[in-house]
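>>> Turn this into a structure:
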Amino acid sequence: MDTIITSLPPNVGAILIENISIIQIISMFSIGAYNALETGIAVFDSFKHYRGLYFWSMQVASWGILVHTILAIIRFLSQSSNLAMSIPFILGWYAIVTGQAVVLYSRLNVLATNPVKLC
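Residues are numbered from 1 along each chain as shown. You can find the predicted model right below:
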C-alpha cells in the first residue's frame, strides 16, 4: 500500500489541497444523504403498518433530508441557476424541520404516560 501512495505524481497533493473544501463538503453531504436514504428505507422494515403520525413524519423528514442535500450539492457546484433550485431547496428544508418536529411530538407518549400532563 505504501508503494501506491509513493508512486503518485507529485502534483496530486497540491490538487487535493486546492480542492479540500469541496471534498469536505461533498463528503459530509453524501454521509447525510446516505443516512437519510437508509432511514427512509429502514422505516418500511421496522413498521408493521404503514400509517400513523410517527411513520409519516419519519418518511417526510428522511426524504426531506435527501432532497435538501442533493439540491445543496447541485447549488454548491453551480450546476444550475439559483432561482430554479431555490423552491425545492426550501421545500426540502421545511420537510426536514417540520418532519423532525412532528417526530418528536408523536413520541411524547413515551415520555409522559398521563395525557393530562401533555397539555
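>>> Going by C-alpha atoms from here, please, whenever you check contacts or count neighbours.
Noted.
>>> can you map out the helices along the protein?
Ranges of helices in the chain, per DSSP state H, are 2-6, 12-18, 20-46, 53-76, 82-106, 108-111, 115-118.
>>> Pipe those into CSV and attach mean pLDDT per row.
Output for these, formatted as CSV (pLDDT from 0 to 100):
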stretch, mean pLDDT
helix 2-6, 59
helix 12-18, 78
helix 20-46, 88
helix 53-76, 88
helix 82-106, 88
helix 108-111, 72
helix 115-118, 63
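>>> need these in CSV with mean neighbour count, can you?
Below are the helices of the chain laid out as CSV (neighbours: other C-alpha atoms under 10 Å):
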stretch, mean neighbour count
helix 2-6, 7
helix 12-18, 10
helix 20-46, 15
helix 53-76, 21
helix 82-106, 16
helix 108-111, 10
helix 115-118, 8
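>>> center of the protein - which residue?
The residue lying closest to the centre of the chain (C-alpha atoms, centre = their mean) is residue 65, at 3.5 Å.
>>> pretty sure it is touching residue 90, no?
No: applying C-alpha atoms under 8 Å, one finds residue 65 not in contact with residue 90, separated by 11.1 Å.
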